[in-house]
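In: A structural model of the following input is requested.
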Amino acid sequence: MQLRLFNGTAMRWCGRLPWLMLISVIILFVGFEQVPSCAQERTLGNRQSPPHKVIRQEGNRFVLIGSGVSVKDLALIPKNVQDLSLRHTRLPDHDLEKLCRLKLQRLDLSYSNISDSAMSALKCQKELKYLNLAFTRVRGTNIGELKMMPDLEELDCSWCQLSDRALVGLEKLTQLKVLNLGGPFLTDKTLTALRAALPHTSIGIRLAPTPLLSPLRHR
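Out: From the prediction side, this is the model:
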């Protein structure tokens with residue numbers, strides 16, 4: 001009796017075996033399809049967006065790049081840093097006052113969120129020699145305040161939406177050796193006026209709004 005029961009149970013399982021094997025194969029196949037190969041992982045990795053925040057130091061140069069940079073990150077900058085990059089940051093203008101503890105010689109604010117009120121926050125940088133404001137919201141209404149930086153030699157305002165009042169402010173910056181401009185603000189009349197006011201300044205013209213593809217043309 002027990003033998004017949006065992007044989008009946010075995011026969012039922014044997015009848016189900018092909019179906020169980022088929023289900024197992026399907027599960028394995030679907031599982032492998034969902035796991036990307038190494039080549040696929042590399043492809044997906046290459047499509048990732050730029051880092052949210054990058055912090056690194058290169059000698060006397062300190063880099064804080066990305067929209068994730070906050071005012072707390074400014075406290076990480078060592079006091080001996082002379083070259084600072086804040087590209088692509090979204091810091092409000094008044095946060096730049098936190099930089100007054102530094103004695104910077106070079107400051108890159110290109111592609112950041114700053115506007116005209118940042119000029120007041122930067123007046124404490126008396127030793128600044130290079131300032132990059134390219135592709136920012138600066139309109140130049142108070143750009144003449146940079147006159148307070150006697151050592152400022154190079155200023156980049158490429159493709160800022162400079163207003164008519166910016167011309168008056170730029171004419172005050174007689175300490176400049178290099179001035180880079182570009183955008184709809186720049187006309188032949190503006191260039192003529194600037195060349196007359198700044199005869200010892202080399203004025204560079206950025207021809208296109210893409211910095212990697214637009215060489216400077218000097219007049």
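In: does the residue most central in space within the chain belong to a helix or a strand, and which?
Out: In the chain, the centroid-proximal residue (C-alpha atoms, centre = their mean) is His88; its distance is 2.7 Å. Using DSSP states H and E, His88 is not contained in any helix or strand.
In: quick one, what contacts it?
Out: Going by C-beta atoms under 8 Å, 6 or more residues apart in numbering, His88 touches 65-67, 111-112. Heads up, the C-betas are built off the backbone N, CA and C, glycines and all.
In: show me where pLDDT drops low in this structure?
Out: The model of the chain has pLDDT under 70 over residues 1-51, 185, 207-219.
In: Generate the ChimeraX command that creates a selection of the buried members of the contacts of His88.
Out: Buried members of the contacts of His88, defined by 16 or more other C-beta atoms under 10 Å, are picked up in ChimeraX with:
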select :65,66,112
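In: from the contacts of His88, which ones fall inside strands?
Out: Ile65 (DSSP state E).
In: Save the contacts of His88 as a markdown table, and put in distance to Gln82 too.
Out: Putting the contacts of His88 into a markdown table (distance: C-beta to C-beta, whole Å) gives the following:
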| residue | distance to Gln82 |
| --- | --- |
| Ile65 | 18 |
| Gly66 | 22 |
| Ser67 | 25 |
| Tyr111 | 21 |
| Ser112 | 19 |
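In: What are the buried residues along stretch 79-96?
Out: Quick answer for stretch 79-96 (16+ other C-beta under 10 Å): 81-89, 91, 93, 95-96.
In: from those, which is closest to Leu191?
Out: Arg87 (27.3 Å; C-beta to C-beta).
In: what sits against that closest one?
Out: Arg87 makes contact with 65, 108-112, according to C-beta under 8 Å, 6+ apart.
In: That one and Gly66, how far apart?
Out: Distance of Arg87 to Gly66, given as C-beta to C-beta, to the nearest Å: 9 Å.
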